[in-house]
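Student: What follows is a predicted protein model with its sequence.
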Amino acid sequence: MAGQTFPQDFMWGVAAAGHQIEGFNTQSDLWFCENVVPSVFREPSGIACDSYNRWAEDLDLAKAMNVGVYRMSIEWARIQPTQDSFDDAEFAHYEAILDGCIARGLKTSVTMNHFASPHWFGMQAGWLNPEAPELFAIYCAEVVRRLGNKIDIIVTFNEPNLPKLLSYMDLPPIVQELNRKTMDGAADKAGVAKYRTSNVMLDEDYEAYGVGMVNGHEAARKAIKAIVPNTPVGLSIAIIDDQMVDDEADTAVRDQKREDCYGPWMRLAVDDDFMGVQNYERMLYDSKGRVEPGPEAVRNSFGNEIYPASLANCVEYVYDIIKTPIIVTEHGINTEDDQQRAEFIPAALGHLADTMAKGYPVLGYTHWSLLDNFEWIFGYVPKFGLCAVDRQTMQRTRKPSSFVYGEIAAANAL
């Protein structure tokens, strides 16, 4: 793979998300749900990585890795703490971060909704509320009206398909039981009939929630384009590299999973400027269903197979169907062993370069994540970061893998 190069305008980036790094996102639905008892969340997010205060340090780390794009989220709950109010101080805060990116020569890829939404939105049953798409569009319009001239790329939703995708994975039954107890507890605590969030979801809500978010993306895209028509807009979805162990086998089970988990979102993205692909692993199937990889398989800390070609395979799968340019908005590995990460990054990028050499239009690659951060229901146990964060002092320390990635970004080549 040595000697592979990337296009001159290829965008190298690192990714983060507000709720996972900022800390004390107290007006959000997820903060509320993290603090009900019982909760599916292993622990509350609390201070997270204190990036609300240390954002300049984080941008310096990104710049030191030679990347050109910083993917971040603007937290809806901070910007619009009540349905009838926008917070000027929070707008100023995010504008300072965007200005910090510009000062460092970093393009900004901004996610409008990276799972966390306002508490008031959750109290209205989230995306089950028929008015949700318009509420989201109002927020998006206000953001781009005030800050749009400083944003280079807009991602409306991060992985709106993830709950459905997780239903195809081997999560313990206790997770769905705790999801229900969390939602019931949140409704009781908030004094509403139904409380809902977008990454703690009940089985019976998948379809209706998906419809709400599809409509939300379309409403948001229309509102954003009316104000900043030349800014690229898309969404990102989680995709597992679903491969058959036998090319001659009946693919019906695998294909049904693909339709359920990816189909609606890929059809939606046909009208977007790009499709955000987020991949971490592959799964194997035969004609009957999922097949466990062999004992030789290398696994991540979730127990899933590490397969460097999975990202390139997902890019080809998506583009072959929708013909929309691709941005890899997330890709990485959950592991305590940073040597695994240091080896995985160039291996995966080698396969991606091969795919691009075949003519697939991949505009950029964004590694998840800049920091070891809050990983939702799993708390602070998973380690995806290029940088470690001391949970007591918040000190950031670059891992060896960050230098491997930085050298690739600087050379724009392997």
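Tutor: Thanks, I have the structure now. Given the structure is predicted, the values throughout are model-derived calculations rather than measurements.
Student: Need phi/psi at Met283.
Tutor: Per-residue torsions, Met283: phi -130, psi 150 (degrees, to the nearest 10).
Student: which residues does it bridge with?
Tutor: Counting by DSSP bridges, Met283 forms beta bridges with Asp242.
Student: Surely it touches Glu292?
Tutor: No - Met283 is beyond contact range of Glu292, at 9.4 Å (criterion: CB atoms under 8 Å). C-betas here are computed from N, CA, C, even on glycine.
Student: check contacts around the most centrally placed residue in the chain.
Tutor: Central residue of the chain (CA atoms, centre = their mean): Asn158, 4.4 Å from the mean position. Taking CB atoms under 8 Å, 6 or more residues apart in numbering, we find Asn158 in contact with 17, 73, 111, 113-115, 236, 278, 329.
Student: again, 7 Å this time
Tutor: Shown in contact with Asn158 (CB atoms under 7 Å, 6 or more residues apart in numbering): 17, 111, 113-115, 236.
Student: Tell me which stretches of the stretch 251-400 of the chain form strands.
Tutor: For the stretch 251-400 of the chain, the strands defined by DSSP state E, counting those that start in this stretch cover 274-279, 282-286, 289-291, 326-331, 362-368, 387-389, 396-398.
Student: Using a markdown table, lay out the ones you listed together with distance to Lys194 and mean pLDDT.
Tutor: Shown next, in a markdown table, are the strands of the stretch 251-400 of the chain (distance: least, CB to CB, whole Å; pLDDT from 0 to 100):
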| stretch | distance to Lys194 | mean pLDDT |
| --- | --- | --- |
| strand 274-279 | 29 | 98 |
| strand 282-286 | 33 | 95 |
| strand 289-291 | 33 | 94 |
| strand 326-331 | 30 | 98 |
| strand 362-368 | 32 | 98 |
| strand 387-389 | 36 | 98 |
| strand 396-398 | 40 | 98 |
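Student: can you put those strands in JSON lines and add distance to Leu414 and mean neighbour count?
Tutor: JSON lines is the format used below for those (distance: least, CB to CB, whole Å; neighbours: other CB atoms under 10 Å):
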{"stretch": "strand 274-279", "distance to Leu414": "19", "mean neighbour count": "25"}
{"stretch": "strand 282-286", "distance to Leu414": "21", "mean neighbour count": "19"}
{"stretch": "strand 289-291", "distance to Leu414": "31", "mean neighbour count": "13"}
{"stretch": "strand 326-331", "distance to Leu414": "15", "mean neighbour count": "26"}
{"stretch": "strand 362-368", "distance to Leu414": "12", "mean neighbour count": "24"}
{"stretch": "strand 387-389", "distance to Leu414": "22", "mean neighbour count": "21"}
{"stretch": "strand 396-398", "distance to Leu414": "20", "mean neighbour count": "16"}
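Student: want to try TSV for those, with distance to Gly212 as columns?
Tutor: Formatted as TSV, the strands of the stretch 251-400 of the chain follow (distance: least, CB to CB, whole Å):
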stretch	distance to Gly212
strand 274-279	19
strand 282-286	27
strand 289-291	29
strand 326-331	22
strand 362-368	25
strand 387-389	34
strand 396-398	37
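Student: Ramachandran angles for the residue nearest to the centre of the chain?
Tutor: phi -100, psi 120.
Student: Quick check: bridge partners of it?
Tutor: Note on Asn158: beta-bridge partners Ser236, judged by DSSP bridges.
Student: Give me the pLDDT for it.
Tutor: Listed pLDDT for Asn158 reads 98.
Student: Please name whichever of the strands of the stretch 251-400 of the chain is nearest to Leu128.
Tutor: Leu128 sits nearest to strand 274-279 of all these, at 24.3 Å, using CB to CB.
Student: Partner strands of that closest one and their direction?
Tutor: When DSSP bridges is applied, strand 274-279 pairs with strand 233-238 (parallel), strand 326-331 (parallel).
Student: Report the angle between the last one and strand 362-368.
Tutor: Same thing as strand 326-331. Strand 326-331 runs at 10 degrees relative to strand 362-368, counting by axes from the mean of the first three to the mean of the last three CA atoms, to 10 degrees.
Student: and strand 326-331, C-alpha only, in CSV?
Tutor: Only the C-alpha atoms of strand 326-331 are listed here, as CSV (Å, rounded to 0.1, in the frame of the first residue of the first chain):
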residue,chain,number,x,y,z
ILE,A,326,-19.1,10.4,0.0
ILE,A,327,-17.5,11.9,3.1
VAL,A,328,-16.3,9.5,5.7
THR,A,329,-17.7,11.4,8.7
GLU,A,330,-16.5,8.8,11.2
HIS,A,331,-14.2,5.8,11.3
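Student: Return the residues in contact with the spatially closest residue to Arg258 that is not a sequence neighbour.
Tutor: Nearest-residue entry for Arg258: Asp242, 6.0 Å, with adjacent residues in sequence omitted and distances by CB to CB, 6 or more residues apart in numbering. Asp242 is in contact with 254, 257-258, 283, 285, counting by CB under 7 Å, 6+ apart.
Student: and those residues as a markdown table, adding distance to Glu218?
Tutor: Below are those laid out as a markdown table (distance: CB to CB, whole Å):
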| residue | distance to Glu218 |
| --- | --- |
| Arg254 | 29 |
| Lys257 | 25 |
| Arg258 | 22 |
| Met283 | 30 |
| Tyr285 | 32 |
